[in-house]
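Asks: pasted the sequence and its predicted model underneath.
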Amino acid sequence: MSYFKHHVFFCCNQREPGDTCCNDRGASDMQKYAKERIARLGLKGKGKIRINKAGCLDRCDDGPVLVVYPDDVWYTFVDQSDIDEIIDEHLVGGRIVERLRI
């Protein structure tokens with residue numbers, strides 16, 4: 001059994017100016033928002049959900065991106081409502097959000 005039910009990694013890589021990267025599209029802000037929301041919902045910790053920053057996940061052209069393990073589901077997102085949908089539907093409800101899936 002995994003230590004966390006879900007481990008979520010947000011690509012927060014910052015590339016050189018002019019190169020496509022997730023962080024230029026708000027990834028760090030959305031990671032912080034997701035981490036705070038999971039804590040407010042009481043879903044943080046062992047057996048629950050962990051939200052992490054990651055370096056380059058090598059999918060910047062699809063970005064911004066996050067990946068949910070152990071499910072191995074990749075998502076893109078635009079704003080907080082997309083993050084809320086991923087949290088509510090996938091992490092809490094167990095249903096993959098197909099419209100955001102890469």
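Replies: Nice, I can see it. Numbering: from 1, shown residues only.

Asks: which positions in the helix or strand hosting residue 67 come out as buried?
Replies: Here residue 67 is covered by strand 65-69, with elements defined by DSSP states H and E. By 16 or more other CB atoms under 10 Å, the buried positions in strand 65-69 come out as 65, 66, 67, 68. Every residue, glycine included, has its C-beta placed from N, CA and C.

Asks: state the pLDDT value of residue 61.
Replies: Turning to residue 61, the model gives it a pLDDT of 87.

Asks: distance check, it against residue 96.
Replies: Here the criterion is CB to CB, to the nearest Å. By it, residue 61 lies 21 Å from residue 96.

Asks: which of the two has more neighbours?
Replies: Each of residue 61 and residue 96 has its neighbours counted (other CB atoms under 10 Å); residue 96 has more, 15 against 7.

Asks: picking up where we left off before, tell me how far the helix or strand following the strand holding residue 67 lies from the chain's centre.
Replies: Note on strand 65-69: by DSSP H and E, the next helix or strand toward the C-terminus is strand 73-76. If you compare the mean C-alpha spot of strand 73-76 with that of the full chain, they lie 8 Å apart, counting by CA atoms, centre = their mean, to the nearest Å.

Asks: go on, stretch 21-39?
Replies: What separates the centre of stretch 21-39 from the centre of its chain is 7 Å, taken as CA atoms, centre = their mean.

Asks: residues touching the one residue sitting closest to the centre of the chain, list them.
Replies: By CA atoms, centre = their mean, the mean C-alpha position of the chain lies nearest to residue 66, the distance being 3.7 Å. Counting by CB atoms under 8 Å, 6 or more residues apart in numbering, residue 66 touches 8, 9, 10, 11, 27, 30, 31, 34, 74, 75, 77, 86.
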